[in-house]
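Novice: Give me the fold of what follows.
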Amino acid sequence: MKVINKKNYKVPVFNWCPEIEDGAMAQIDNLAQLPFVFKRISIMSDCHQGYGMPIGGVMAAEGVIVPNAVGVDIGCGMCAVKSNLRAIDTDLLKKIMGEIRKVIPLGFNKHDKEQDIKLMPDNEELKLIVYQEYNNALKSLGSLGGGNHFIEIQKGDDGHIWIMIHSGSRNLGFKVAQHYNKLAVELNEKWKSEVPKSWGLAFLPVDSQEGQDYIKEMQYCVDFALANRKLMMERVKGIVAKVIQESWIDGIISIGFEPMINIAHNYASLENHFGKNVWVHRKGATKATKGLVGIIPGSQGTKSYIVEGLGNKESFMSCSHGAGRKMSRSQARKELSLVEEQYKMEGIVHGIRSAQDLDEAPGSYKDIGKVMENQKDLVKILVELTPLAVIKS
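Specialist: Residues are numbered from 1 along each chain as shown. Model (predicted):
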């Protein structure tokens, strides 16, 4: 970890990322000058440029909340389940992934019918964006989404087969983020805020009606994202159990799963740090309080990790949320070799078929091994997971 402190900074930057692109560094400079920022900015080892605030950034704020410091996929996160299986052959993996594709909508797709309303978080107090988008969210419940979201079957160094899912709040989170960031920009202009509009860090006072509305709707999106992952995980577990059971001639095998691990990485929460209650914004960053079990994925061709937080105060008890991109999607499609990236994924059931798929190839991400090494004072590794099969939309 390195501390960066410049003359124009209000607070120092505690940085776990040894190589920061210029765009991300400019955003970090902006964060460190905000009038409401508390104590320090913490930059995780997977940092890369985002909108307003870099992905892999942690900011604590006094009295305000910043929609763009949470991001558009509110509540996006990881879940993982350990099974009692110790091996699955390639044919079964292909069958499992094929069945998953039949049940879980990918990319921009959603279900044709609304899902069970009992699976949704309670929305009785919400009459704004969540209320408007509720019926659409019912159809999105249990869907993966696009980008870097994935469903992966992995082999742990504990000898067990694991299932891991990365997904968020779908269009619901996007609509909430879009609405409140636009509102914050309008209000900041009205108040003649000292935060430049070009920084993309417009804020809402937490004691204002607008701030309270955002906090409630943001939390709903976090809860919805968890409900979304839970439903997908239950359906994937059912598919795995069914395919494995059908593969045995005598039809007798007991498939067991341990309780689901869940961790979000796009949200803000009121926490006590350095003796003060502040709003901690984690954008592409994961909570890592002492003893908390979390998940840090690599790319679809590299290892992922089940980790335990060490409670490091300097990072606001946070860690990276993944490997982090090292090149943009368009850059990856232009510069990466399809043959080389497919070779990296030899032995893994995957979907990289053409140059259009290279935006999510292993080569577009940072080295997860180095990312983990750079944050060994933030988390300790419990289980190392190797990918066997992946669906990435």
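Novice: Report the mean confidence score over the helix ranked longest in the chain.
Specialist: Secondary structure of the chain per DSSP state H: the longest helix is helix 209-246. For helix 209-246, the mean per-residue pLDDT is 96.
Novice: Give me the distance from the helix or strand that that helix is followed by to the chain's centre.
Specialist: Per DSSP states H and E, the first helix or strand lying C-terminal to helix 209-246 is strand 261-264. Offset of strand 261-264 from its chain centre (Cα atoms, centre = their mean, to the nearest Å): 9 Å.
Novice: and if you look at stretch 207-223?
Specialist: Using Cα atoms, centre = their mean, the offset of stretch 207-223 from its chain centre is 19 Å.
Novice: helix, strand or coil for residue 114?
Specialist: coil (DSSP: H, G, I helix; E, B strand; the rest coil).
Novice: looking only at pLDDT, what's the mean for stretch 353-368?
Specialist: On average, stretch 353-368 scores 86.
Novice: Just the buried positions in that stretch, please.
Specialist: 357, 358, 359, 360, 361, 362, 363, 364, 365, 366, 367, 368 (16 or more other Cβ atoms under 10 Å). Every residue, glycine included, has its C-beta placed from N, CA and C.
Novice: among those, which two are most distant?
Specialist: The most widely separated members of the buried residues of stretch 353-368, counting by Cβ to Cβ, are 357 and 367 (20.5 Å).
Novice: Okay, now the unreliable bits of the stretch 51-200 of the chain?
Specialist: For the stretch 51-200 of the chain, no stretch is flagged by pLDDT under 70.
Novice: In it, what residue spans correspond to helices?
Specialist: Assigned by DSSP state H, counting those that start in this stretch, the stretch 51-200 of the chain shows helices spanning 90-103, 129-140, 170-190.
Novice: Outline the domain layout of the chain.
Specialist: Following automatic domain parsing, one gets these domains for the chain: 2-326+365-392, 328-364.
Novice: got the end-to-end distance for the longest one?
Specialist: Right, the one you point to is domain 2-326+365-392. End-to-end distance of domain 2-326+365-392 (Cα to Cα, to the nearest Å): 34 Å.
Novice: again with stretch 23-40
Specialist: Stretch 23-40: ends 20 Å apart by Cα to Cα.
Novice: next one: stretch 340-360
Specialist: 14 Å.
Novice: Mind listing residues that contact that stretch?
Specialist: 90, 93-94, 97, 148, 299-301, 329-330, 332-333, 336, 338, 361-364, 387-392 (Cβ atoms under 8 Å, 6 or more residues apart in numbering).
Novice: Those in strands, which ones?
Specialist: Counting by DSSP state E, the part of the contacts of stretch 340-360 found in strands is 387, 388, 389, 390, 391, 392.
Novice: Would you mind giving those as CSV with pLDDT and neighbour count added?
Specialist: Below are those laid out as CSV (pLDDT from 0 to 100; neighbours: other Cβ atoms under 10 Å):
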residue, pLDDT, neighbour count
387, 95, 25
388, 96, 22
389, 96, 21
390, 94, 23
391, 94, 23
392, 87, 22
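Novice: Show the backbone phi and psi for residue 53.
Specialist: phi -120, psi 140 (degrees, to the nearest 10).
Novice: What count of nearby residues applies to it?
Specialist: Applying other Cβ atoms under 10 Å, we find 27 residues neighbouring residue 53.
Novice: likewise residue 384?
Specialist: Look at residue 384: counted by other Cβ under 10 Å, it has 16 neighbours.
Novice: Ramachandran angles for it?
Specialist: Phi and psi for residue 384, reported as degrees, to the nearest 10, are phi -100, psi 130.
Novice: for it, what are its contacts?
Specialist: 156, 157, 303, 304, 305.
Novice: Could you export those as CSV, including neighbour count and distance to residue 218?
Specialist: Converted to CSV, the contacts of residue 384 look like this (neighbours: other Cβ atoms under 10 Å; distance: Cβ to Cβ, whole Å):
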residue, neighbour count, distance to residue 218
156, 21, 33
157, 12, 36
303, 20, 32
304, 27, 27
305, 22, 27
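Novice: now, which of these sits nearest residue 41?
Specialist: When those are compared against residue 41 (criterion: Cβ to Cβ), the nearest one is residue 305, at 24.7 Å.
Novice: Which strand or helix spans that closest one?
Specialist: Counting by DSSP H and E, residue 305 is part of strand 304-309.
Novice: residues in contact with residue 21?
Specialist: Listed by Cβ under 8 Å, 6+ apart, the contact set of residue 21 reads 48, 49.
Novice: Ok, residue 18 next?
Specialist: Applying Cβ under 8 Å, 6+ apart, we find residue 18 in contact with 2, 45, 374.
Novice: Now list the buried members of these.
Specialist: Here, 16+ other Cβ under 10 Å leaves 45, 374 buried among the contacts of residue 18.
Novice: Narrow the contacts of residue 18 to those in strands?
Specialist: Reading strands off the contacts of residue 18 with DSSP E, I get 2, 45.
Novice: ok, so of the contacts of residue 18, who is nearest residue 167?
Specialist: residue 45 (22.8 Å).
Novice: is it true that the closest one touches residue 318?
Specialist: No - look at residue 45 against residue 318 with Cβ atoms under 8 Å: they stay out of range, at 10.8 Å.
Novice: I'd like the distance from the strand holding residue 305 to the chain centre, please.
Specialist: 14 Å.
Novice: avg pLDDT for it?
Specialist: 98.
Novice: Show me what it is packed up against.
Specialist: Using 3 or more Cβ pairs under 8 Å, 6 or more residues apart in numbering; DSSP states H and E, the elements in contact with strand 304-309 are strand 150-156, strand 293-296, helix 368-373, strand 379-392.
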